[in-house]
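S.K.: got a predicted structure here, sequence first:
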Amino acid sequence: MTGLFDRAESANLDRARPLADRMRPRTLEEFAGQQHFLGSGKLLRRILEADRLSSAIFYGPPGTGKTSLAELIAGQTECVFERINAAAAGVKELRDALESARDRLATGGRQTLLFVDELHHFNRTQQDVLLPDVESGVVCLIGATTANPFFSLVSPLVSRSQVFEFQPLGTDEIRQLMMRALQDVERGLGRHGVTATDESLDFLAEVSDGDARRALNALEIGALSIAATGDAPVLELQVAEESIQKKAVRYDDDMHYDAASALIKSMRGSDPDAAMYWLARMLEAGEDPRFLARRIVILASEDIGNADPHALVLANAAAQATERVGMPECRIILAQAVAYLALAPKSNASYVAIDAALNDVRTRAVLPVPRHLQDSHYPGAKQLGHGQGYVYAHQGEDGWVDQDYLGVERTYYEPLDRGFEAELKQRLDQWRSRRDTSPGS
C-alpha cells in the first residue's frame, strides 16, 4: 500500500509542476540552443565526451537552459548531484554541502557536482569559501548566473572556471520546443488534444525574447484555457496574446553598460532608428533620463564637435530640459536630441586633439611659457622682461599676426573636411600656410 501511496503522491506533485519544468530535456539531443559551445566539435561537447569537465560558470539570461544543462551533465557523470540556491543559502549551508562532499569523496571515492544557482548572490566571503574545494577537486562546481561573472564574481573563482555564455534562444528553437510540448502525451500537453495556429506560435516565440520558460508557460495557460471548449481545441492568436504577461525588460548592471554603449555607437554611426530603439529600451527599463542626457551631451562634443557646433547647444538644452521636465515628457526631448545628433556630421578632431595634448603634458618635458606670452600686468613685469615682444592680434590685418604661441612645433587639432569643420579647416590651413611662408619662419 505504501508503494501505491508513493506513486499517487508523485503523480500529484508531477501534475503541479509547470510545463517548462516538465519538458526539461532528458538528453543532450533534446537540448535546445547554445550550439556555439555545445554543438558537434564545440568546446563543451568535447569536454563532456572526454569526461574531463572541471568547474564551469554558466552565464546568460533566464530561460536559456543553464539549470537544464547542469542536470543533464550530472546525469552523464558518476558524480553526486547537489544543488544550492545562492539567494537562499548562507555560509553555514555552503560549508555543510562542502563537508558532505569531502566525506563522500573520502569514504566512497565519488566526486560531487555542486550546482549553485544564482551564484552572483553569494557575497565575497561565500565565494572565497568555495575556492579551496574547487581547487582541490573535492567538488566540480557549476555556477549559474544572470550577471556578468567578470563583474559579479571574485577573480580567483572566475580564473579557476570555464565560462560559458548562454545566448537567448532563437524563435525557431522556441517554436520547436512548443511543438514538442503540444505533442508530448507523457510530459506535455498531448493528452489535451490541443493544436495551435502558426500565428499563435510565431507570436509566443517572438514575444518571449529568447526565454523558453516564458514561452512554454504561456503556451500551457493558453492550451489549458481552451482544452475543454470542444473536440479539437485550437489555440488562436488572440488567446495566445491573452496568455502572456507584459514582459519585464531585462535590465541589470550588465545591460546598463551594454545598452548605453549601443546607444552611443548608434548615434556615432549615424543610425537614428537603432539609436531610438536603445533609447526606448533604456527608458522602458527605468533608466535615469539624466544619465542618458549626460551621455548625449558628451557625444555632442566627442563625436560631432565643430562639424556641427550647434549639436552641443542642443544637447545641453536637452539635458537642462530633462532635469526640469522629467519623465514621461522628457522622452520627447531626449528623442529629439538623439535624432539630431545621429544625423549630424561627425568629427572627433577636438577629442583626439585634447588627448594628444594631455599625453604630451604627461609624458614629455614641460614647455615653459614663452616670455612674450607671460603676464605683464603687474609691477616689475617689465623689469623681468615678461610680455615684451607680444603683438596684439587685432593689430594685424583680418585679426591675425605671425607669432609663436608655444615655443616648439606641435600639431594637435586637425579639423576634418565635414560640416562646419570644413570651414574651420580652410581657415586653419590658410593661417598655417601664412605662418610657414612668413619671413621669420
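M.R.: Structure's in. What do you need? Residues are numbered from 1 along each chain as shown.
S.K.: can you identify each of the helices in the stretch 201-350 of the chain by residue range?
M.R.: Counting by DSSP state H, counting those that start in this stretch, the stretch 201-350 of the chain has helices at residues 212-226, 237-242, 253-268, 272-284, 289-299, 310-325, 330-343, 349-363.
S.K.: distance from the chain centre to the shortest one, please.
M.R.: Pointing back at helix 237-242 there. Its chain's average C-alpha position is 31 Å from that of helix 237-242, according to CA atoms, centre = their mean, to the nearest Å.
S.K.: how about it: buried residues?
M.R.: 237, 239-240 (16 or more other CB atoms under 10 Å). (Each C-beta comes from the backbone N, C-alpha and C, glycine too.)
S.K.: return that helix as PDB; C-alpha atoms alone will do.
M.R.: C-alpha atoms of helix 237-242 as PDB (Å, rounded to 0.1, in the frame of the first residue of the first chain):
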ATOM      1  CA  LEU A 237      -3.600  34.200 -31.800                       C
ATOM      2  CA  GLN A 238      -6.000  36.200 -29.600                       C
ATOM      3  CA  VAL A 239      -5.800  33.600 -26.800                       C
ATOM      4  CA  ALA A 240      -2.000  33.400 -27.100                       C
ATOM      5  CA  GLU A 241      -1.900  37.200 -26.700                       C
ATOM      6  CA  GLU A 242      -4.000  37.000 -23.600                       C
END
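S.K.: continuing past the helix or strand of the chain with the lowest mean pLDDT, what's the next helix or strand?
M.R.: Within the chain, confidence by mean pLDDT, DSSP states H and E is lowest for helix 2-16 among all helices and strands, at a mean of 56. Reading on from helix 2-16 to the C-terminus, the next helix or strand found by DSSP states H and E is helix 19-22.
S.K.: using PDB, list the CA coordinates for the helix or strand following that following helix.
M.R.: Downstream of helix 19-22, the first helix or strand assigned by DSSP H and E is helix 35-38. Listed in PDB are the C-alpha atoms of helix 35-38, where the atom choice follows Å, rounded to 0.1, in the frame of the first residue of the first chain:
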ATOM      1  CA  GLN A  35      25.200  25.300 -30.300                       C
ATOM      2  CA  HIS A  36      28.200  27.800 -30.200                       C
ATOM      3  CA  PHE A  37      29.700  25.700 -27.300                       C
ATOM      4  CA  LEU A  38      27.500  22.600 -27.300                       C
END
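S.K.: show me what helix 35-38 is packed against.
M.R.: Judged by 3 or more CB pairs under 8 Å, 6 or more residues apart in numbering; DSSP states H and E, helix 35-38 is in contact with helix 43-49.
S.K.: list the buried residues in the helix it packs on.
M.R.: Using 16+ other CB under 10 Å as the test for burial, helix 43-49 gives 44, 47-48.
S.K.: partner strands of the helix or strand just after it, with direction?
M.R.: Downstream of helix 43-49, the first helix or strand assigned by DSSP H and E is strand 56-59. Here strand 56-59 is paired, per DSSP bridges, with strand 139-145 (parallel), strand 162-165 (parallel).
S.K.: could you point out which of those strands sits nearest Glu29?
M.R.: Nearest to Glu29, of all those, is strand 162-165, at 18.6 Å by CB to CB.
S.K.: which residues touch that closest one?
M.R.: 34, 37, 43-44, 47, 54-60, 149 (CB atoms under 8 Å, 6 or more residues apart in numbering).
S.K.: how about JSON lines for those, with distance to Leu114 and pLDDT added?
M.R.: Shown next, in JSON lines, are the contacts of strand 162-165 (distance: CB to CB, whole Å; pLDDT from 0 to 100):
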{"residue": "Gln34", "distance to Leu114": "21", "pLDDT": "92"}
{"residue": "Phe37", "distance to Leu114": "21", "pLDDT": "91"}
{"residue": "Leu43", "distance to Leu114": "21", "pLDDT": "90"}
{"residue": "Leu44", "distance to Leu114": "18", "pLDDT": "89"}
{"residue": "Ile47", "distance to Leu114": "17", "pLDDT": "87"}
{"residue": "Ser54", "distance to Leu114": "13", "pLDDT": "82"}
{"residue": "Ser55", "distance to Leu114": "9", "pLDDT": "89"}
{"residue": "Ala56", "distance to Leu114": "11", "pLDDT": "92"}
{"residue": "Ile57", "distance to Leu114": "12", "pLDDT": "94"}
{"residue": "Phe58", "distance to Leu114": "13", "pLDDT": "95"}
{"residue": "Tyr59", "distance to Leu114": "17", "pLDDT": "93"}
{"residue": "Gly60", "distance to Leu114": "19", "pLDDT": "89"}
{"residue": "Pro149", "distance to Leu114": "16", "pLDDT": "91"}
